[in-house]
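Q: Here is my input; please provide its structure:
(one chain, ligands or ions: 1)
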Amino acid sequence: MSWLRRDVLLSLPLSVLAFPLESAKLHAESSGAWRLTEDSEPLVPDAKLRRQIFRALDAAQDAGTGATISHFKVRAATVLEIAGQEQVVLGGNTEYDLPEAIHGETSLLNHVTADYGAEVTRHAVRFIAFYGDHSGGAGSCGDCRDFQMASTDWEHLLIVSGQSLDHTVKVTRFSDQIVGERSFPEVKAEEIALAPGALEKLVKSAQEARLGGVTLFTTFRHTGAAGLAYSEKIYRAAGCDDAAFHYRYPIGGLLQQAQTERDYFLRAIVVSGEQGQWPVINYRDRQYGYEASSFNHEVGLPPVKLILTNGQGQYRMTTFEASLPRAFSTVNFRPEAVKEFLQTHRVDR
Ligand SMILES: [Zn+2]
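A: Numbers count the residues shown, from 1 in each chain. A predicted model of the protein is given here:
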């Protein structure tokens, strides 16, 4: 944790903000002491739900974690009503090996499913409460957004952040973290500021990429993506599935290729799906794009353009920043490390 600057804490995701500051003392003081912030009150008009939220926050303090790499403890809980009985379910993050992790939100929802079944997860989970020492401001990582959308009644899901230092409780809608592809602004080809011919080249490259990849389990939504770097090189990738269900996403794939060549700064990424359809951009893939765009930001370049084609000459264009609201990147955690990394690794072409 030595690299963690206190002044960046407030920009960290709420799900990673959970330091065990004087936890025993706070635990003793916390019961019944939680209070909603003023702007959170309208989201929880129901007194019973408020009580359940506070009960979950009390419980989340004791959630076990294995944050061996980052030392960020993500402690989550919810309270469910099963056959008239309230049940508390906990979740915690576990990190392993190369920086990988089971995340707090997905851990919690998986525990609900393991205990009560997928239908209960979809219909009975009304909120996910995080216990931490700051209320933070960021939402879930992209992958956890995908998982919450797939497993819960996400349009009604509330996200709760209980701040141990002053016992304030901030409640937001999970749906605030979601931006559907249909709301990406439609643009005409000539409004996309790229060199002449570049858009056509990217579209063709993404469409060709989509012919490949691995689709042994993927029955729909197969996509290809092509990215144009400031070096003027194009990198491309298609989605690849595998038996372990460690899906590899196209944007993540092309960025890995570019970054392998130390080509860290991209102008634009085009994603192509089935002819005549708008491609779906998973939130996990948006996270990869967001992190890459934060490199641009670090050196004063504009955000990476995210362009969707339906294969029929129509386009939607946005940024990873706009498509992943309340996101976080390594820049939030380790701004100096990112600066130094880019200085020592970038190759100016
Ligand atoms: Zn996550």
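
Q: So which bits of stretch 234-242 are buried?
A: Within stretch 234-242, the residues that qualify as buried are Ile234, Tyr235, Arg236, Ala237, Ala238, Gly239, Cys240, Asp241, counting by 16 or more other C-beta atoms under 10 Å. C-betas here are computed from N, CA, C, even on glycine.

Q: Mind putting these into JSON lines with pLDDT and secondary structure?
A: Shown next, in JSON lines, are those (pLDDT from 0 to 100; DSSP: H, G, I helix; E, B strand; the rest coil):
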{"residue": "Ile234", "pLDDT": "98", "secondary structure": "strand"}
{"residue": "Tyr235", "pLDDT": "98", "secondary structure": "strand"}
{"residue": "Arg236", "pLDDT": "98", "secondary structure": "strand"}
{"residue": "Ala237", "pLDDT": "98", "secondary structure": "strand"}
{"residue": "Ala238", "pLDDT": "98", "secondary structure": "strand"}
{"residue": "Gly239", "pLDDT": "98", "secondary structure": "coil"}
{"residue": "Cys240", "pLDDT": "98", "secondary structure": "strand"}
{"residue": "Asp241", "pLDDT": "98", "secondary structure": "coil"}
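
Q: Return only those of these found close to the ion.
A: Near the ion, taking C-beta under 5 Å from the ion as the test, no member of the buried residues of stretch 234-242 is found.

Q: Please list the residues outside stretch 315-327 that contact it.
A: By C-beta atoms under 8 Å, 6 or more residues apart in numbering, the residues outside stretch 315-327 that reach it are 137-139, 142, 176-177, 179, 181, 184-189, 191-192, 199, 278, 281, 283, 286-287, 289-290, 292-293, 303-309.

Q: ignore the last one, stretch 212-221
A: Stretch 212-221 has contacts (C-beta under 8 Å, 6+ apart) with 222, 224, 237-243, 245, 247, 250, 273, 279-280.

Q: Ok, stretch 242-259 next?
A: 209, 213-214, 216-218, 223-227, 229, 233, 235-241, 264, 266, 269, 271, 281-282, 284-286, 288-289, 292.

Q: Would you mind listing where the stretch 51-200 of the chain has pLDDT under the threshold?
A: 134-136 (pLDDT under 70).

Q: and it, which of its residues are near the ion?
A: So the stretch 51-200 of the chain meets the ion at His103, Cys141, Cys144 (C-beta under 5 Å from the ion).

Q: Is Gly162 within a helix or a strand, and which one?
A: Using DSSP states H and E, Gly162 falls within strand 158-163.

Q: repeat for Val89
A: With secondary structure defined by DSSP H and E, Val89 is part of strand 85-92.

Q: Give me the helices and strands touching the helix or strand that comes right after that strand, please.
A: As assigned by DSSP H and E, the chain's next helix or strand after strand 85-92 is strand 94-96. The contact analysis (3 or more C-beta pairs under 8 Å, 6 or more residues apart in numbering; DSSP states H and E) places strand 94-96 against strand 100-102.

Q: Now tell me what touches the strand it packs on from outside.
A: Contacts of strand 100-102 with the rest of the structure, by C-beta under 8 Å, 6+ apart, involve Ile69, Asn93, Thr94, Glu95.

Q: Let's see that with 10 Å instead.
A: By C-beta atoms under 10 Å, 6 or more residues apart in numbering, the surrounding residues in contact with strand 100-102 are 16, 65-70, 72, 74, 91-96, 107, 110, 141, 143.

Q: That one pairs with which strands?
A: Strand 100-102 pairs in its sheet with strand 94-96 (antiparallel), by DSSP bridges.

Q: Might you calculate how far the partner strand sits from the centre of the chain?
A: Computed by C-alpha atoms, centre = their mean, to the nearest Å, the chain-centroid distance of strand 94-96 equals 17 Å.

Q: Report the contact partners of the residue of the stretch 201-349 of the chain found nearest the ion.
A: Of all residues in the stretch 201-349 of the chain, Gln287 sits closest to the ion, at 8.7 Å by C-beta to the ion. Gln287 makes contact with 140-146, 249, 251-252, 320, 324, 327-329, according to C-beta under 10 Å, 6+ apart.

Q: Out of those, which comes closest to Glu298?
A: Ser329 (9.6 Å; C-beta to C-beta).

Q: ok, the closest one - contacts?
A: Counting by C-beta under 10 Å, 6+ apart, Ser329 touches 138, 141, 287, 290-295, 297-298, 320-321, 335, 338.

Q: now for those, which pair is the farthest apart?
A: Maximum distance among these (C-beta to C-beta): 19.5 Å, for Cys141 and Glu298.

Q: What segments of the stretch 51-200 of the chain are strands?
A: For the stretch 51-200 of the chain, applying DSSP state E, counting those that start in this stretch gives strands covering 75-82, 85-92, 94-96, 100-102, 127-132, 158-163, 168-173, 186-187.

Q: that older thread, please name every helix or strand in contact with the strand holding Gly162.
A: Applying 3 or more C-beta pairs under 10 Å, 6 or more residues apart in numbering; DSSP states H and E, one finds that strand 158-163 contacts strand 35-36, helix 47-60, strand 75-82, strand 127-132, strand 168-173.

Q: Sweet, I'm off.
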